[in-house]
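# model this:
(3 chains)
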Amino acid sequence: MNEIIRYSATELAAKLRAGEITSVAAVQAHLDRIAEVDGGERGIHAFLHVNGEEALAVAAEVDAIRAAGGADAEALHPFAGVPIAIKDLIVTKGQPTTAASKMLEGWMSPYDATVITKIRAAKLPMLGKTNLDEFAMGSSTEHSAYGLTRNPWDLDRIPGGSGGGSAAAVAAFEAPLALGTDTGGSIRQPGAVTGTVGVKPTYGGVSRYGAIAMASSLDQIGPVTRTVLDSAYLHELIGGHDPADSTSLNEPVPALVEAAELGASGDMTGVRVGVIKELQGEGYEAGVQERFDESLEALRAAGAEIVEVSCPNFKYALGAYYLIMPSEVSSNLAKFDGVRFGTRVLPEEGPLTIERVMGATRAAGFGDEVKRRIILGTYALSAGYYDAYYGSAQKVRTLIQRDFDAAFELADVLISPTSPTVAFELGSKTGDPLAMYLNDVATIPANMAGVPGITVPGGLSEGLPVGIQFLAPVREDARLYRAGAALEKLLEDKWGGHLIDQAPELSAATTGGVA
Amino acid sequence: MSAISREDVAHLAHLAHIEMSDAELDKMTGELGVIVEAIASVSEVASADVPATTHPIALFNVFREDVVGPTLTAEEALLNAPDSVDTRFRVPAILDGE
Amino acid sequence: MASHIDELVDFDVALEKYDPVLGFEVHVELNTKTKMFSSAPNVFGDTPNTNVTPVCLGLPGVLPVVNKTAVEYAILIGLALNCKIAERCGFARKNYFYPDTPKNFQTSQYDDPIAYDGWLDIELEDGEVFRVEIERAHMEEDAGKLTHMGGATGRIQGADYSLVDYNRSGVPLVEIVTKTIEGAGKRAPELAKAYVAAIREIVKSLDVSDAKMERGNVRCDANVSLMLKGAEKFGTRTETKNVNSLRAVEHAVRFEIERHAAVLNSGAAIVQETRHWHEDTRTTTSGRPKSDADDYRYFPEPDLVPVITTPEWIEELRARLPEPPAARRKRLQAEWGYSDAEFRDVVNAGVTEAIEETIAAGTTAAVARKWWMGEIARLAKNSDVETLDLGVTPATIVELNSLIESKKINDKIARQVLEFVVAGEGTPTEVVEKRSLAVVNDDSALGVAIDAAMEAMPDVVAKVKAGKLQAIGALMGPVMKATRGQADAGRVRELVLEKLGIEG
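Residues are numbered from 1 along each chain as shown, chains lettered A, B, ... in the order given. All right, here's what the predicted structure looks like:
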């Protein structure tokens, strides 16, 4: 394995700046890795599109600027030249954007998402677009119309979802950085089951302009990386006010890198960590609970004050989420009708009217899970049911916010397992939507309240990664990086290195890829 | 909360403009029944005195000045069109031919 | 459907038995520079799909941002309609599928409009004032434009396919909804027309809309129902959509009253439905019945945040309100001293503002009216254009008038000068100079001509000297000839008498 791909983004960035490695070499190393492990019979299949030519061109541009030196080189973003993968829910000019749906097969966006504009400005070469559950609806990436993604820790297991592609790409060293989106846990749960780091920023902290909307009041774009510090850098790069997003916070991005560096000392003296009573115990695998308890011990030993907090309304969060999310989905996905863009399918028989063409297009273009959520949302909003369903769910949202407010009176950050289970076997839950939904029970409350959350590796259970989640009050994302970096440091000291170093070696031989 | 019937699902599919076969309607009715039952508790906890939260972070008066910005060219606008004539999108008849 | 026409009940007969109940929804397109939720230009008539951004096309990933000026225009309309302005309001999604609606939902305001509970006094032709209560005025966005192709009529029925232009998609609209209007009786059609005319006049005076009905800037949906005289319960209503001229509003309401009466008299029930107005036949036909497909599944727009209006903001906008059109008309008529008939003619000719500007530029009200209702109107009529489109400016009138007053030209020449000005030959002064149209009252030039005439006609001079002053007329011919008709006759007479030492 080329050692370039094992560097964290921060390490790689330092070597690029020092001139030890060229960006072209870094991009090429990752493209080689993608060719080796992504495409084969049992390949990771993290990528739906590989953007090699453009990525190399951007890398060459960065190398040229660095070589020339002077003000232009000085002005480069610290991560200029570090390659990144983009979840295929985020629109990009010059590369297809599919949302992993047949509906958008071949669609080329005529505009860039705001986060993509920022990435281009900072000159991070984009390696390509990563797989997801169709329109980000799922917890396993098995609902992609373009095939599943495998977990690099065990090729027969799910990489989580919906952002399984971005998490797997980072875990399999196909990219040091990736972007994800998180509506109910789509960054954090894949992060947990792949032993990587993922952050859902405060709602409004990162512009949603150009992220294909699933549930507008819940969606956030965030970083997917192997280290907390890398996430901090990426978060600072993509964050900040965007006038094109009315829900974007008009405030400066907090000092996240500084917070992560502070946390990396491992000292948690004076930090109150609240253990959420309702997000553990029943429903959580024993191995997950054990790693969680060990993390608490590590934090306590590092000076943290561990307190128990109760969020009694969290038990309604999943139900409320499955009313609000599908309601917004049913409306957000109405635009996919075969009129202006995307696939158009004609009815097989009967008169050719636009209404029937829309019906046939949406029948053929959407997968089962998407249809399920559209129908559920249509139901929750329809006349006679609105108050009982959507209206009630919005009230539960208030109750969840109140629970968070009360908990943050007692604690600076809250902590829970990110996911109740480790990665499950491919195909084991696809026939049972409800069982699939339960994967997000610990991540959903943050989206409902808009608060930020991070997952960091917490160790292994039966050889598979367990994630530990921290939550902070809105706008206090910096606290996540402080606590996350501290736990990362404490556990890595114990493990003697990154958790990801314990993952099995992947090669063309194991994946059937190109050696 | 009443149980969701097959007729309900057929009506919802019509509202959502998704054609469904009989088999799909049957399957969807069963699945939605389970899901709706599982989330029914939501309406029990939400009492009248609890205000609804529509946006996770309360912002207001986010406006844009009335200044013209860049537009797409007609070529860009129609780049992905399934069907078009000159610079307009073309769609099948709106009404069934009479 | 056509058979209904034969079954109409005469309007007066219908009104003996039934009371009409009305309601109007008027959509006003705002004339902001950009659209409601995107920075695309709000311009009429450009090449299809060129005034669009990804937001206007509803492309994947886009988000709306509210145009502040559109909000202010909506508040101005609310204030002009004597509405309360909501302290807090928001946007909602109205979900329905239609190919002119790119997101397949319309962003509108549902249960919290920006303006509500207002009224508007409508002056009817006989001078009576009818108060129409305003339920609400709310902000929303316009749809794209569908053109139905194939088939015989260009109508939606029988079309083979349709073409869509999204240039209009997202243009800001304010929808003004009345409360139920009772008691109009026989004057229901007249009230309908006067109400829409008043709305049009208000939004024009506010300069928040171009207010051209023929372009769809102002569109009216008219609700009509009938109830038996003395009944307490309203009848079933129909909604006639997109009635797009003042005359059509009047005719559509009249037609629906006659049709409803016919249906009710036959013992049948009115179907609650949308109806389409046809200008050619002056009839309505059945559209779509109300159905459960009208379940619009409104919910708060999560991509937009609420609007909060402070008292300071509202007062700042209130200070921008112009004088209400009706009050303004009353004031101007009094100031100008026109009779009722004169003023009505001026208003109908659409030259109120032109006259106001002409007076402001320095003429009397009488002079301004003389020109605008006289020669300018005549020239316009000859050229078959609107009076205002002739291109005559108040400055032209002022200049012409001062040329007359300084006796440089006379009335008759002034009318010629105006024609040349309209023809593009320059300002009145330039035309007079270029074409040498000035009345000759240069005494030296005139004196030479008079001396020559007197020398050639000693007998006439003798008669004048003898006291026959009317004989001066005989000198006029040669003098006019010598000055090519531009001599001022009065001045010639004065000079002759002066030369002969006779007191005039």
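
# contacts only, for residue C:264.
Counting by C-beta atoms under 8 Å, 6 or more residues apart in numbering or on different chains, residue C:264 makes contact with C:18, C:226, C:235, C:270. For glycine as for every other residue, the C-beta is placed from the backbone atoms N, C-alpha and C.

# look up which residues are beta-bridged to the second one.
If I follow you right, that is residue C:226. Applying DSSP bridges to residue C:226 gives these bridge partners: residue C:20.

# for it, give its distance to residue C:266.
13 Å (C-beta to C-beta, to the nearest Å).

# try the first one
Between residue C:18 and residue C:266 the computed distance is 14 Å (C-beta to C-beta).

# residue B:71 now?
55 Å.

# and for residue C:483?
From residue C:483 over to residue C:266 the distance is 82 Å, taken as C-beta to C-beta.

# returning to that earlier point: comparing residue C:226 and residue C:266, which residue is more hemmed in?
When residue C:226 and residue C:266 are compared on other C-beta atoms under 10 Å in any protein chain shown, the one with more neighbours turns out to be residue C:226, at 26 against 10.

# for that one, give me its contacts.
C:14, C:18-21, C:235, C:257, C:260-261, C:264, C:270.

# please apply the same query to residue C:7.
Contacts were defined as C-beta under 8 Å, 6+ apart; by that measure residue C:7 touches C:259, C:262-263, C:266.

# drop anything exposed from those residues.
C:259, C:262-263 (16 or more other C-beta atoms under 10 Å in any protein chain shown).

# with respect to residue C:438, which of the residues you listed is nearest?
residue C:259 (66.1 Å; C-beta to C-beta).

# so the closest one is in contact with residue C:8, correct?
Yes: between residue C:259 and residue C:8 there is a contact under C-beta atoms under 8 Å: 6.0 Å.

# extract the C-alpha trace of the longest strand belonging to chain B and format it as CSV.
Taking residue count as the measure and DSSP state E as the definition, the longest strand of chain B comes out as strand B:88-92. Only the C-alpha atoms of strand B:88-92 are listed here, as CSV (Å, rounded to 0.1, in the frame of the first residue of the first chain):
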residue,chain,number,x,y,z
ARG,B,88,-39.1,25.7,-24.4
PHE,B,89,-39.6,22.4,-22.5
ARG,B,90,-42.1,20.1,-24.2
VAL,B,91,-44.6,18.0,-22.2
PRO,B,92,-47.3,15.7,-23.3
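
# and it, what's its mean pLDDT?
The average pLDDT within strand B:88-92 is 95.

# that strand and chain A in contact?
Yes: using C-beta under 8 Å from any C-beta of the partner chain, strand B:88-92 reaches chain A at B:89, B:91-92.

# where is pLDDT lowest across the contacts of residue C:7?
Checked by pLDDT, the contacts of residue C:7 have residue C:266 as the lowest-scoring entry (91).

# so what's that residue up against?
Listed by C-beta under 8 Å, 6+ apart, the contact partners of residue C:266 are residue C:7.

# measure it to residue C:260 for me?
Taken as C-beta to C-beta, the spacing of residue C:266 relative to residue C:260 amounts to 11 Å.

# same check on residue A:182?
Distance of residue A:182 to residue C:260, given as C-beta to C-beta: 57 Å.

# looking at these two, which one has more neighbours?
Using other C-beta under 10 Å as the criterion, residue A:182 and residue C:260 rank with residue A:182 on top: 29 against 23.

# quick check, the more buried one in contact with residue A:215.
No: counting by C-beta under 8 Å, residue A:215 is not a contact partner of residue A:182; they are 10.8 Å apart.

# shared neighbours of those two, which are they?
Common neighbours of residue A:182 and residue A:215, using C-beta under 8 Å, 6+ apart, do not exist here.

# looking at the buried ones among the contacts of residue C:7, which are in helices?
C:259, C:262-263 (DSSP state H).

# residue 34 in helix, strand or coil?
Here I'm looking at chain A. Three-state secondary structure (criterion: DSSP: H, G, I helix; E, B strand; the rest coil) places residue A:34 in helix.

# meant chain B, my bad for not saying
Secondary structure for residue B:34, judged by three-state DSSP, is helix.

# about what we covered before: now the buried ones among the contacts of residue C:7 as TSV including distance to residue A:170?
Shown next, in TSV, are the buried ones among the contacts of residue C:7 (distance: C-beta to C-beta, whole Å):
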residue	distance to residue A:170
C:259	69
C:262	74
C:263	70
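
# using JSON lines, lay out those residues together with distance to chain B.
Below are the buried ones among the contacts of residue C:7 laid out as JSON lines (distance: C-beta to the nearest C-beta, whole Å):
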{"residue": "C:259", "distance to chain B": "22"}
{"residue": "C:262", "distance to chain B": "24"}
{"residue": "C:263", "distance to chain B": "23"}
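
# ok, so of the residues you listed, who is nearest residue B:50?
For those, with residue B:50 as the reference and C-beta to C-beta as the criterion, the closest is residue C:263, at 48.5 Å.

# gap between that closest one and chain A?
28 Å (C-beta to the nearest C-beta, to the nearest Å).

# I'd say that residue and residue C:269 touch.
Yes: judged on C-beta under 8 Å, residue C:263 makes contact with residue C:269 at a distance of 7.5 Å.

# where in chain B is the helix or strand with the lowest mean pLDDT?
helix B:41-45 (a mean of 86; mean pLDDT, DSSP states H and E).

# elements contacting that helix?
Here helix B:41-45 is seen to pack against helix A:317-332, helix A:392-410 when contacts are counted using 3 or more C-beta pairs under 8 Å, 6 or more residues apart in numbering or on different chains; DSSP states H and E.

# okay if I get those as CSV plus distance to residue C:389 and mean neighbour count?
Below are these laid out as CSV (distance: least, C-beta to C-beta, whole Å; neighbours: other C-beta atoms under 10 Å in any protein chain shown):
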stretch, distance to residue C:389, mean neighbour count
helix A:317-332, 46, 27
helix A:392-410, 55, 21
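
# as TSV, these with mean pLDDT and distance to residue C:323 would be great.
Output for these, formatted as TSV (pLDDT from 0 to 100; distance: least, C-beta to C-beta, whole Å):
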stretch	mean pLDDT	distance to residue C:323
helix A:317-332	97	44
helix A:392-410	97	45
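
# tell me the centre residue of chain B?
Centroid-nearest residue in chain B: residue B:16, 6.3 Å away (criterion: C-alpha atoms, centre = their mean).

# next one: chain A
Relative to the mean C-alpha position of chain A, the nearest C-alpha, by C-alpha atoms, centre = their mean, is the one of residue A:187, at 2.2 Å.

# distance of it relative to chain C?
Going from residue A:187 to chain C by C-beta to the nearest C-beta gives 18 Å.

# pretty sure that residue is touching residue A:231, no?
No: applying C-beta under 8 Å as the test, residue A:187 and residue A:231 come out as separate, 9.8 Å apart.
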